[in-house]
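Asks: Provided below are the primary sequence and the corresponding predicted coordinates.
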Amino acid sequence: MTSKPTIPAVKGMREFYPEDLAVRNYIYQKVCQAATQFGYQEWESPYVEAIALYAAKSGEELVEKQSFVFSDRGGDKITLRPELTPSLARMVAKRQGELVFPLRWWQYGPMWRYEQPQKGRTREFFQWNVDMLGVNSPEADAELISVAATFLKLVGLSPQQATILVNNRRLMDAQFDFLGITPENRTFVSGLVDRRTKMKPEAWDVYALENGLNQQQLDGLEKILGDLDLWQKSDELVRLFKALEALGVREYVKFDPNIMRGLLYYTGTVFEAFDVSGSVRRAILGGGRYDNLLADVGGDPLSGVGFAMGDVVIGIILQEKGLIPAFTPSPAPILVTVFDESLWLDSFAVAAELRAAGLNVIVSPEPAKLPKQFKFADRMGIRVAVVLGPDEAASGQVTLKNLKNGTQQTVSRSQAPKEISEILASA
RNA sequence: GUGGCUGUAGCUCAAUGGCAGAGUGCUUGACUGUGGAUCAAGAUGUUGUGGGUUCGAGCCCCAUCAGCCACCCCA
């Protein structure tokens, strides 16, 4: 054996073996399908950006602690992109005058964040971003939630398995006002709400009282957070749920006053999707409405709504539930064997004929014992083995073996493509 | 950045401080023109890395790297 590699992969970076890439590509395919059903356009932005792009809009945590930052040869600070929204804002602002609104864009690509790798979290991940810009309405919010729900449905997650929880920032702010919580205290209270499911109730109470809430406010807050009918007090949420009903995805969505989302730039509807039954407690995806997206990059004010989904959490969930299609190692379903040295190049010629007929074909690179070649075919998930031995060569024929059921037939070389196609079509 | 657990054959894991092991996979054969099943034989290790304690370290101590889990944050 060779010695062990002395230089490991960089911490938290992903290595995609063929079976891993198959999973990634499967998710990509479903994401594309969901977005395309709703008429969203695929776009792409640079993987490397100036750090200054994020300084304006993204949180301090993301820029200072979670970005991979480098200097280019001119001394400018650049970074592997930790998120997509600032790039979106810039590209839209640059062509704001000529783009057609409402704009519906999606992207699926790599992102990097310098975090401690753990379950559902790596330093390199693929993220699906979907955004609609230029419309500010609960009905537009409903469309985005509907795209997300459509994806969940496409990958085989039922409403019982995965749920999208929805809340509204304006509704919560109004409730906070009613309790006499000051605007400067709102950020703390939002964080408090966010933390509620992670702390023991008593500890949470103490934490709240120690940070400026009085007992009356705490009681009121707990009442609000337990009120699953609270959405009826929000015109926006009433319209949202009616639209979701019409869009046919209402069963995937639930109101939950505990959903706040940490990002400061959300202003209205917010939502997160969770796996209800599995081992991952992290959100599958999250998003919401943000106003004034373009203000910081010099564009005209423009409201938008969007969400993001990482590939890591959804990948774990789909694997756990057996929802990833079986992996076939070989993309070519046909193996042409090489019987011996004298027939070596004849086998190559047979392979070329089959490829010319439009088939995908592996040919053994050198003579080997047939059992070994058949074993290889089996391991690679190949469905048809082609044998060209002395008998076949003498009569201008080849033997075709169906590896699924073990049957075989000997046919002329000219007929082989047609016969193989029939075998492949039969299963 | 903080805390906890782990690191032994390709993989999953054993081994009271005293000879480095099993299952699985791999190679070969039973079967020189046919894979999956069965049986038999065989090969495989700087015990993550570097120090230390000890007559003796896979095991104890320190450091370091990596992985997992939780916190922070978030997709």
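Replies: Perfect, thanks for sending it.

Asks: Helix, strand, or coil at residue A:206?
Replies: Under DSSP: H, G, I helix; E, B strand; the rest coil, the three-state class of residue A:206 is helix.

Asks: I'd like to know how many residues surround it.
Replies: 12 (other Cβ atoms under 10 Å). Where you see a C-beta, it was placed from the backbone N, CA and C, and this is true even at glycine.

Asks: what's near enough to touch it?
Replies: Residues in contact with residue A:206 (Cβ atoms under 8 Å, 6 or more residues apart in numbering): none are found.

Asks: quick one: it from RNA strand B, how far?
Replies: 15 Å (Cβ to the nearest atom of the strand, to the nearest Å).

Asks: got the contact list for residue A:365?
Replies: residue A:338 are the contacts of residue A:365 under Cβ under 8 Å, 6+ apart.

Asks: So which bits of the stretch 301-427 of chain A are right by RNA strand B?
Replies: A:308-310, A:312-313, A:369-372, A:374-375, A:377-379, A:385, A:387, A:389-392, A:399, A:401, A:403-406, A:408 (Cβ under 7 Å from any atom of the strand).

Asks: Is there a quick ChimeraX command that grabs whichever of those residues are buried?
Replies: Only the buried entries of those go into this ChimeraX selection, using 16 or more other Cβ atoms under 10 Å:
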select /A:308,309,310,312,313,374,377,385,387,389,392,399,401,403
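
Asks: List the ones among the residues of the stretch 301-427 of chain A next to RNA strand B that fall in helices.
Replies: A:312-313, A:370-372, A:374-375, A:377-379, A:390-392 (DSSP state H).

Asks: for those residues, which one is nearest residue A:102?
Replies: Using Cβ to Cβ, the shortest approach to residue A:102 within those belongs to residue A:313, at 28.9 Å.

Asks: Grab the nearest non-local neighbour of that closest one.
Replies: In space, residue A:313 comes closest to residue A:120 once its chain neighbours are excluded; the distance is 4.5 Å by Cβ to Cβ, 6 or more residues apart in numbering.

Asks: for that neighbour, phi and psi?
Replies: Backbone geometry at residue A:120, expressed as degrees, to the nearest 10, gives phi 80, psi 0.

Asks: surely it meets residue A:279?
Replies: No - using Cβ atoms under 8 Å, residue A:120 is not in contact with residue A:279, being 9.5 Å away.

Asks: quick one: common contacting residues for these two?
Replies: Counting by Cβ under 8 Å, 6+ apart, the residues touching both residue A:120 and residue A:279 are residue A:316.

Asks: Looking at these two, which one has more neighbours?
Replies: Taking neighbours as other Cβ under 10 Å, residue A:120 and residue A:279 compare with residue A:120 leading, 19 against 10.

Asks: For RNA strand B, what is the nearest residue in the stretch 1-150 of chain A?
Replies: residue A:119 (2.5 Å; Cβ to the nearest atom of the strand).

Asks: Name the nearest residue to that residue, sequence neighbours excluded.
Replies: residue A:280 (6.8 Å).

Asks: OK, contacts around the residue nearest to residue A:313?
Replies: Contacts of residue A:120 by Cβ under 8 Å, 6+ apart are A:280, A:282, A:310, A:312, A:313, A:316.

Asks: and which of the residues you listed is nearest RNA strand B?
Replies: Of those, the one sitting nearest to RNA strand B (Cβ to the nearest atom of the strand) turns out to be residue A:310, at 2.5 Å.

Asks: List the residues that contact the residue of the stretch 1-150 of chain A closest to RNA strand B.
Replies: Contacts of residue A:119 (Cβ under 8 Å, 6+ apart): A:279, A:280, A:316.

Asks: and if you look at residue A:24?
Replies: A:16, A:126, A:311, A:315.

Asks: That one sits in which helix or strand?
Replies: helix A:18-37 (DSSP states H and E).

Asks: Could I get the average pLDDT for that helix?
Replies: Mean pLDDT, computed over helix A:18-37, is 94.

Asks: any idea how far residue A:269 is from residue A:40?
Replies: Taking Cβ to Cβ, to the nearest Å as the measure, residue A:40 falls 18 Å from residue A:269.

Asks: which residues does the residue lying closest to residue A:99 once chain neighbours are set aside contact?
Replies: Nearest residue to residue A:99, sequence neighbours excluded (Cβ to Cβ, 6+ apart): residue A:92, at 6.5 Å. Neighbouring residues of residue A:92 by Cβ under 8 Å, 6+ apart: A:99, A:103, A:133, A:293, A:294, A:299, A:302.

Asks: Also residue A:161?
Replies: Contacts of residue A:161 by Cβ under 8 Å, 6+ apart are A:275, A:276, A:277, A:278, A:321.

Asks: Out of the residues you listed, flag the one nearest to residue A:109.
Replies: Nearest to residue A:109 among these: residue A:275, at 23.5 Å, using Cβ to Cβ.

Asks: partners of the closest one in the sheet?
Replies: Legend: beta-bridge partners of residue A:275 under DSSP bridges are residue A:162.

Asks: my guess is it contacts residue A:317, does it?
Replies: Yes - assessed by Cβ under 8 Å, residue A:275 is found in contact with residue A:317 at 4.9 Å.
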